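[1] Give me a 3D structure for the following:
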Amino acid sequence: MKTTENQNITNRKLVTTADGSPSISDGRTGETFHSINGAITESQLVFINNGLEFFKTKNDSQGIAVLEIGFGTGLNTWLSLLKSIEWKQKIDYTALEAFPLDIALAEKLTYTASVEKQLDKQEFMALHLSEWGKPVQLDEYFKLTKIHQDLRQFDVKTDRFDVIYFDAFSPNVQPELWTEEIFSRLFRSLKSGGVLVTYSARGVVKNALRSVGFSVKRLPGPPGKRHVIRAFR
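    Predicted coordinates:
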C-alpha cells in the first residue's frame, strides 16, 4: 500500500449527521461513511427496513445469512444485532472490509446512545474488537465473521446468503465495485428469493444489476436521497 494511501486511511474524522448520530469523514475517498442527512436514519431504512425486515416478513427461516459489503463503522451490523435479539432470530452475519476503522476512532462512535433498546458500549465495541477471519458468536442469536479483504478478491460462495447489504463507497469513487462482474458474483451468492439492498439508485447501478439477472425495484429514499434500490434473485 502506498504511503499516501496510508495517510488517507488515517485521515478520518468524526462528524455529526443531521439526525444527531455520528459518521466518519474518509480522507481516502473524500466521502462520509453514511449520509450526512442522518446516519442511523439511512441505515435503518435502506438496510434494515428494506433488506433484513423485508426478507423476514416474506420468509419463515430458522436463520438468516447476511453479507455486508463495507463494515465501516459497524452501524449496519449493530442494527442487525439489535434486530436478532428483538426477534430471537438467528443471524449469521459476514462483513467485508478492505480498510478497517481505527479502534480509537470506533470508540468515539455513540450509536449505543442513539438507538432504543440499546445494548451498552462494550457490546458495540465487541463488533470492532472481534477477531478478523474467524466466526465469533456475539450473542445467542448473532454470529459475526469479519473479512479483511477487498470485494474483488473475496471468494463468494454460491447460494450462501439471504440478504446482501451493498454499502460500498459511491460509484463516483469506487466504480470498480459497482460493475456487472461484481453484481454477477453477488447474484450467484444469493439463495433463491434473496435480496440485495443499496443506497445508490443511479442508472448505471440499476442497469448493471438487471443485466446479471436481478429484478430491481426502486424505493423511496431517506432524507436527502430520492430513491434507493432493492434487487431480487
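
[2] Spit out the contact partners of residue 97.
    70, 71, 72, 146, 147, 148, 149 (Cβ atoms under 8 Å, 6 or more residues apart in numbering). In this view, the C-beta of every residue, glycine as well, is placed from N, C-alpha and C.

[3] Which residue is the nearest non-sequential neighbour of residue 124?
    Nearest non-adjacent residue to residue 124, counting by Cβ to Cβ, 6 or more residues apart in numbering: residue 112, 5.0 Å away.

[4] again with residue 75
    residue 43 is the one closest to residue 75 (Cβ to Cβ, 6+ apart), at 5.0 Å.

[5] in the chain, which spans are strands?
    12-16, 22-26, 63-69, 90-97, 136-137, 142-148, 161-166, 190-198, 215-220, 227-232 (DSSP state E).

[6] Any chance of JSON lines for those, columns distance to residue 81 and mean pLDDT?
    As requested, these are arranged in JSON lines below (distance: least, Cβ to Cβ, whole Å; pLDDT from 0 to 100):
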{"stretch": "strand 12-16", "distance to residue 81": "22", "mean pLDDT": "95"}
{"stretch": "strand 22-26", "distance to residue 81": "18", "mean pLDDT": "96"}
{"stretch": "strand 63-69", "distance to residue 81": "11", "mean pLDDT": "98"}
{"stretch": "strand 90-97", "distance to residue 81": "8", "mean pLDDT": "98"}
{"stretch": "strand 136-137", "distance to residue 81": "12", "mean pLDDT": "97"}
{"stretch": "strand 142-148", "distance to residue 81": "5", "mean pLDDT": "98"}
{"stretch": "strand 161-166", "distance to residue 81": "13", "mean pLDDT": "98"}
{"stretch": "strand 190-198", "distance to residue 81": "17", "mean pLDDT": "97"}
{"stretch": "strand 215-220", "distance to residue 81": "24", "mean pLDDT": "97"}
{"stretch": "strand 227-232", "distance to residue 81": "22", "mean pLDDT": "98"}
